[in-house]
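Asker: the amino acid sequence is not available; the structure is as follows:
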């Protein structure tokens, strides 16, 4: 465990809007025991860390490393890409959307040595993606901020995502002007490109190539990439 994981637990709880009593109840432990976690007076077990990761919607690795991911900012990044003109019908396949957000985080790290959202990306078969990406999509749909068109293609379900009309005029508050500019530049480059093109691009980048299957991909690897292959 990172020496800072106690601080990370408290920050994540505050970001989610949970009280200490609520989290303790979800874990099935006394409030005093949970408070001891946040104060660094009691170590957290692996099973408790896994439960916390599930409660906060992040990976176990993020808990272990004391990562300070900004989950709400990550969701704003998703919405911003949907707001960009990436396709003629305004819909983006779920897999392509995941890759666009990945490119934004790693491209920002390439220049600033910190990611845009702080999310941790895992190497899976279809590319780098945070464990909580799928949860974020579900939450955005439940909140009425996105709409999902579910279609069948070659026997598989294909999800096409668009921002809802009711959310389209709501302003983003967590992204800076420079971050918005980078997102728009990435969206412009990949406009109308097929999903398999962006999947192949991210699969051939050093971070994905070097990392092991199911491993959290170190952001630092992108700094070894040639500039024209960052996004």
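Answerer: Okay, I see it. Computed from a prediction, not measured in an experiment: that's the story for all the values here.

Asker: can you map out the strands along this structure?
Answerer: 92-93, 122-124, 127-129, 146-153, 156-163 (DSSP state E).

Asker: ok, which of those strands comes nearest residue 194?
Answerer: strand 92-93 (8.9 Å; C-beta to C-beta). Any C-beta I mention is one placed from the backbone N, CA and C, and that applies to glycine too.

Asker: now the closest one: mean pLDDT?
Answerer: Average pLDDT, strand 92-93: 94.

Asker: longest helix in the chain, please.
Answerer: helix 94-112 (DSSP state H).

Asker: what's the angle from it to strand 146-153?
Answerer: 120 degrees (axes from the mean of the first three to the mean of the last three C-alpha atoms, to 10 degrees).

Asker: buried stuff in helix 94-112?
Answerer: 94-110 (16 or more other C-beta atoms under 10 Å).

Asker: pLDDT below threshold where in the protein?
Answerer: 1-4, 61-62, 64-68, 88 (pLDDT under 70).

Asker: all helices for it, in order.
Answerer: 5-16, 20-27, 31-39, 46-56, 60-65, 71-83, 94-112, 133-142, 177-189, 195-203, 206-210.

Asker: turn those into CSV, columns for distance to residue 223.
Answerer: Shown next, in CSV, are those (distance: least, C-beta to C-beta, whole Å):
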stretch, distance to residue 223
helix 5-16, 24
helix 20-27, 36
helix 31-39, 34
helix 46-56, 28
helix 60-65, 19
helix 71-83, 21
helix 94-112, 6
helix 133-142, 23
helix 177-189, 16
helix 195-203, 16
helix 206-210, 9
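
Asker: nearest to residue 120, out of those helices?
Answerer: helix 60-65 (5.2 Å).

Asker: hmm, back to that, minimum distance to residue 226: which of the strands of the chain has it?
Answerer: strand 127-129 (18.1 Å).

Asker: which outside residues touch that closest one?
Answerer: 95, 98, 99, 102, 121, 122, 199, 202, 203, 207, 208, 217 (C-beta atoms under 8 Å, 6 or more residues apart in numbering).

Asker: circling back to that earlier point, among the helices of the chain, which comes closest to residue 170?
Answerer: Per C-beta to C-beta, nearest to residue 170 of the helices of the chain: helix 71-83, 8.4 Å.

Asker: what's the angle from that closest one to strand 156-163?
Answerer: 90 degrees.

Asker: report all helices and strands that helix 71-83 contacts.
Answerer: Applying 3 or more C-beta pairs under 8 Å, 6 or more residues apart in numbering; DSSP states H and E, we find helix 71-83 packed against helix 5-16, helix 94-112, helix 133-142, strand 146-153, strand 156-163, helix 177-189.

Asker: tell me the buried residues in it?
Answerer: Result for helix 71-83 [16+ other C-beta under 10 Å]: buried residues 71, 73, 74, 75, 76, 77, 78, 79, 80, 81, 82, 83.

Asker: make TSV out of the residues you listed and add distance to residue 213.
Answerer: As requested, these are arranged in TSV below (distance: C-beta to C-beta, whole Å):
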residue	distance to residue 213
71	25
73	28
74	23
75	27
76	30
77	25
78	25
79	30
80	30
81	26
82	29
83	33
